[in-house]
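Chemist: pasting the sequence and the predicted coordinates here, then a few questions.
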Amino acid sequence: MAKRPKPLVLTVLDGWGFRAETKGNAIALARKPNYDELLRKFPNTLIQTSGPAVGLPEGQMGNSEVGHLNIGAGRVVHMDITRIDLLIANKQLDQVPLFQQAMERGRQRQLHFMGLLSDGGVHSHINHLFALLEMAKQWNVEKVFVHCFMDGRDTPPHSGRDFVRQLQQKMRELQVGEIATLVGRYYAMDRDNRWERIELAYRAIVHGEAE
């Protein structure tokens, strides 16, 4: 009779972390006998969950998606932000066929950019938008419109003003682009099937309807 394999359990404790200092440290101060016993009885170690260790730029915080992807792969997986950064650093962004097609069509009609306007690095980075604006300048795209999804989650709640100012400054320098829409990610990036939120963002972007 074959031996029954021993189960292997991967448990993700969302929001759980380690810090040696106990002051203000809810996890360290909490009574958690089962968890503490596991640490005492079995081998354990700490792993890096940010920066190059999980395929992100130096100093960039990780997130649940990044952590799950790296755990599942069992190796370092370079995230989109790192791959795009490398394209920009190596001046290869304009060699991406999809971007070339977008610029060519934009030159004939209009070019619209939409996405999260911040340096949070989770879903976007403002430097990538700047690189696309520079590419639009090189391709002589005259009509460029930016639809900004404001953050306040991966970045501080009131940091949006500064990102808008940075974008305006970049557009003045390049003499390319204008802001067409400002909408919060609460509406434009809802992922809980609350279509009434998405509808407000859609109407603002497509029909120019807003308060």
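Modeler: Here it is on my side, so go on.

Chemist: C-alpha from now on. contacts and neighbour counts both.
Modeler: Fine.

Chemist: residues in contact with the host helix or strand of residue 198?
Modeler: Per DSSP states H and E: residue 198 is located in helix 195-202. Residues from elsewhere that reach helix 195-202 (Cα atoms under 8 Å, 6 or more residues apart in numbering): 183, 186-190, 210.

Chemist: which of the three states applies to the closest residue to residue 125 other than its chain neighbours?
Modeler: Distances taken as Cα to Cα, 6 or more residues apart in numbering put residue 119 closest to residue 125, at 4.6 Å, once the chain neighbours are dropped. Here residue 119 is coil, with the state taken from DSSP: H, G, I helix; E, B strand; the rest coil.

Chemist: next up, phi/psi of residue 140, please.
Modeler: Here is the backbone geometry of residue 140 (degrees, to the nearest 10): phi 60, psi 40.

Chemist: check which residues of the helix or strand hosting residue 135 are buried.
Modeler: Counting by DSSP H and E, the element that carries residue 135 is helix 126-138. Using 16 or more other Cα atoms under 10 Å as the test for burial, helix 126-138 gives 126-137.

Chemist: same deal with stretch 94-102?
Modeler: Per 16+ other Cα under 10 Å, stretch 94-102 contains these buried residues: 94, 100.

Chemist: thinking again about what came up before, which of the contacts of helix 195-202 count as buried?
Modeler: Burial by neighbour count, judged by 16+ other Cα under 10 Å, picks out 183, 186-189 from the contacts of helix 195-202.

Chemist: so which of these sit within helices?
Modeler: Taking DSSP state H, the ones among the buried ones among the contacts of helix 195-202 that sit in helices are 186-188.

Chemist: can you list the domains in the protein?
Modeler: According to automatic domain parsing, the chain comprises the domains 31-73, 80-207.

Chemist: now those in TSV, with distance to residue 17 and mean pLDDT?
Modeler: Below are those laid out as TSV (distance: least, Cα to Cα, whole Å; pLDDT from 0 to 100):
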stretch	distance to residue 17	mean pLDDT
domain 31-73	10	91
domain 80-207	18	95
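
Chemist: coming back round to it: chain center to the helix holding residue 135: distance?
Modeler: Helix 126-138 sits 17 Å away from the centroid of its parent chain (Cα atoms, centre = their mean, to the nearest Å).

Chemist: and the next element down the chain from it?
Modeler: Downstream of helix 126-138, the first helix or strand assigned by DSSP H and E is strand 144-150.

Chemist: okay, angle between that next one and helix 195-202 too, please.
Modeler: Between the axis of strand 144-150 and that of helix 195-202 there is an angle of 150 degrees, by axes from the mean of the first three to the mean of the last three Cα atoms, to 10 degrees.

Chemist: for strand 144-150, packing partners?
Modeler: Where contact means 3 or more Cα pairs under 8 Å, 6 or more residues apart in numbering; DSSP states H and E, strand 144-150 is packed against strand 111-117, strand 178-184, helix 185-188.

Chemist: could you dump those to a markdown table with distance to residue 164?
Modeler: Formatted as a markdown table, the helices and strands packed on strand 144-150 follow (distance: least, Cα to Cα, whole Å):
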| stretch | distance to residue 164 |
| --- | --- |
| strand 111-117 | 8 |
| strand 178-184 | 9 |
| helix 185-188 | 15 |
